[in-house]
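Peer 1: attaching a predicted model along with its sequence, questions to come.
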Number of protein chains: 2
Amino acid sequence: MPIDPSAVGQTGGPVTRKWTSKDALLYALGVGAGTQELRFTTENSQNIQQRVLPTFAVIIGGGGAPFNKIGDFNPAMLVHGEQGIELLGEIPPEGEVESVGKISAIWDKGKGAVVEMTSESTLVATGEPLLRTRMSAFIRGEGGFGGERGPSASFEAPTRAPDHQVAYETGVDQALLYRLSGDRNPLHSDPAFAKMGGFDKPILHGLCTYGFTGRALVNTICDGDPSRFRSMDGRFSKPVLPGDTLTILMWVDGSECTFQTKNQDGDVVIDQGKMTFA
Amino acid sequence: MPIDPSAVGQTGGPVTRKWTSKDALLYALGVGAGTQELRFTTENSQNIQQRVLPTFAVIIGGGGAPFNKIGDFNPAMLVHGEQGIELLGEIPPEGEVESVGKISAIWDKGKGAVVEMTSESTLVATGEPLLRTRMSAFIRGEGGFGGERGPSASFEAPTRAPDHQVAYETGVDQALLYRLSGDRNPLHSDPAFAKMGGFDKPILHGLCTYGFTGRALVNTICDGDPSRFRSMDGRFSKPVLPGDTLTILMWVDGSECTFQTKNQDGDVVIDQGKMTFA
């Protein structure tokens, strides 16, 4: 059985996920936070309360997405297309969420299918919704089932110079550290496996690049205050290698920020970025 | 009540300590292992079995040391003096040990007291002893109780050029990562706390420097094979700052290796190093 387009609307969960202060610290280091961001990297510095990076939402959220109901496909043909998060409150340093997921769309792109999953996570301690995630995956070879193509993105980065621009270096060992937050896919760590996947060497997790980008956004646009961060959406457009330098370009318009992330060669690695803030 | 010299011989424990593969990977990254040492930093690389750095012994071992039986003293006056480990077998990637500790010596150095603790850890799965640790602490202001001075180290580094020499850079965020293996003393992370302790900025954990050094030893002397590593002893002689470059000098004599660790200014940071191997 290939992809099943009638799976749209299928739900999964609830599943629960607990996290500790240590998980949040490890994630922050995994996306490059360091001695300049002790609020994200320490829990016991004087007069500095531990806070959690908004993009930690991709670690604790996303639960209940019913991947098993999409149909049969070769997981090696799946690439992460887009990722969105929406924060309804600030993520506490430790806690537990209960998440339910849904297949929200399946599109026929001809050469492949796009599957979109959404998930909503409720903070168990309060019973209140804490965050939502949206991710889309492109599955090569699974198109042509006669479905709709879905909306086309018509995005153009503003032509004016960016209002803000931040450059962060990733470390050559960045993926080895980021993977300890959960995604142990050897594509990001094992040179032999990466070669089989068609890459010269292991590539950085797309969500690690997403985390570096979100960190730039919270530090620059929200003055380092995660409670002002509302949402972030972007499309992965090119692999990043550990050691690459990421430059995040930001254009602010009211309470919305358009962004792009580029590598040191000027290639766009996250495109169509939209972030909202208070 | 000050230090109680009659506490020598007092025991503590048994205490148990479990660890997971993730703990071992996190430790390896904390002491600078990376993409060149996938056996220590990954668990799922093709044809590479996960192994554990011998110095992980300081994380899982040392249990049961009866610090509460030394007497009353100001913990801020304590500095880590020496650290030794002895491996009776190779540490598995996950497991549980049961440890018993002992106050093995208390010496009167006049300006302070030296307290030495030993501990032995048994692998619960086999019931066999896995490792022993020895640590000595210098407690300023607690000498002058009329005790013996104890043995004086008469150590001189060999005058010939080192047989091996390895340089490792520590990262500016090294202490933030190493601390997630357990030692959350803010001396290593909080600039305000470090200043109160008389340091311009947070210093690296002595045991992190010890781990970098042990990593150089296993990679150079044991060809990366932890099962050949038998013991390692050294004395902390100067603080290291995150970002320092550590050079480990090694002189091999049969199955024994004398070593010193220096910083980029040529200052000795671990002195009187002795390591044995098979």
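Peer 2: Alright, I've got the coordinates.

Peer 1: so residue A:193 sits in a helix?
Peer 2: Yes: judged by DSSP: H, G, I helix; E, B strand; the rest coil, residue A:193 forms part of a helix.

Peer 1: which residues does it contact?
Peer 2: A:186-187, A:202, B:45-46 (CB atoms under 8 Å, 6 or more residues apart in numbering or on different chains). Every C-beta, even on glycine, is put in place using the N, C-alpha and C of the backbone.

Peer 1: where along the stretch 51-200 of chain A do the helices fall?
Peer 2: A:57-60, A:174-178, A:191-196 (DSSP state H, counting those that start in this stretch).

Peer 1: near chain B, which residues of chain A? Just list them.
Peer 2: A:22, A:25-26, A:29, A:34-35, A:38, A:41-48, A:171-173, A:176-177, A:180, A:184, A:186, A:189-190, A:192-193, A:202, A:242 (CB under 8 Å from any CB of the partner chain).

Peer 1: sorry, back to before: which one of the contacts of residue A:193 sits closest to residue A:144?
Peer 2: residue A:187 (26.4 Å; CB to CB).

Peer 1: pLDDT score for the closest one?
Peer 2: On pLDDT, residue A:187 comes in at 94.

Peer 1: ok, back up a step: of the residues of chain A next to chain B, select the buried ones using a PyMOL command.
Peer 2: Restricted to buried positions by 16 or more other CB atoms under 10 Å in any protein chain shown, the PyMOL selection for those reads:
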select buried, chain A and resi 22+25+26+29+34+35+38+41+42+43+45+48+171+173+176+177+180+186+189+190+193+202+242
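
Peer 1: so what's the residue nearest to the spatial centre of chain A up against?
Peer 2: By CA atoms, centre = their mean, chain A has its centre lying nearest to residue A:207, at 4.3 Å. If you count contacts by CB under 8 Å, 6+ apart, residue A:207 has them with A:55, A:58, A:80, A:83, A:178, A:183.

Peer 1: please report phi then psi for the spatially closest residue to the third one that is not a sequence neighbour.
Peer 2: Pointing back at residue A:80 there. Take residue A:80 and drop its neighbours on the chain: the residue closest to it by CB to CB, 6 or more residues apart in numbering or on different chains is residue A:206, 4.8 Å away. Per-residue torsions, residue A:206: phi -60, psi -40 (degrees, to the nearest 10).

Peer 1: which stretches of the stretch 1-150 of chain A form strands?
Peer 2: In the stretch 1-150 of chain A, the segments counted as strands under DSSP state E, counting those that start in this stretch are A:11-19, A:78-87, A:95-108, A:112-123, A:128-140.

Peer 1: quick one: closest of those to residue B:235.
Peer 2: strand A:11-19 (39.7 Å).

Peer 1: pLDDT below threshold where in chain A?
Peer 2: By pLDDT under 70, the low-scoring segments of chain A are A:1.

Peer 1: switch to 50 and redo it
Peer 2: For chain A, no stretch has pLDDT under 50.

Peer 1: okay, now the domains of it?
Peer 2: A:5-140, A:164-277 (automatic domain parsing).

Peer 1: I'd like these laid out as JSON lines, including distance to residue B:138.
Peer 2: JSON lines is the format used below for the domains of chain A (distance: least, CB to CB, whole Å):
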{"stretch": "domain A:5-140", "distance to residue B:138": "25"}
{"stretch": "domain A:164-277", "distance to residue B:138": "34"}
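
Peer 1: what ranges does the stretch 151-278 of chain A have for its strands?
Peer 2: A:164-169, A:229-236, A:245-253, A:256-262, A:268-277.

Peer 1: would you list the ones you listed in TSV and tack on mean neighbour count?
Peer 2: Below are the strands of the stretch 151-278 of chain A laid out as TSV (neighbours: other CB atoms under 10 Å in any protein chain shown):
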stretch	mean neighbour count
strand A:164-169	15
strand A:229-236	21
strand A:245-253	18
strand A:256-262	22
strand A:268-277	21
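
Peer 1: so which of these gets nearest residue B:134?
Peer 2: Closest approach to residue B:134 among these is made by strand A:164-169 (40.0 Å; CB to CB).

Peer 1: which of the strands of the stretch 1-150 of chain A is buried the deepest?
Peer 2: Sort those by mean neighbour count, taking mean count of other CB atoms under 10 Å in any protein chain shown, and strand A:112-123 sits at the top with a mean of 23.

Peer 1: what lines up beside it in the sheet?
Peer 2: When pairing is defined by DSSP bridges, strand A:112-123 lines up against strand A:95-108 (antiparallel), strand A:128-140 (antiparallel).

Peer 1: format these as JSON lines; extra columns: distance to residue A:234.
Peer 2: What follows is the strands paired with strand A:112-123, written out as JSON lines (distance: least, CB to CB, whole Å):
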{"stretch": "strand A:95-108", "distance to residue A:234": "18"}
{"stretch": "strand A:128-140", "distance to residue A:234": "11"}
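
Peer 1: from residue A:179, how far off is the closest residue to residue A:182 other than its chain neighbours?
Peer 2: Take residue A:182 and drop its neighbours on the chain: the residue closest to it by CB to CB, 6+ apart is residue A:59, 6.1 Å away. Using CB to CB, to the nearest Å, residue A:59 is found at 12 Å from residue A:179.
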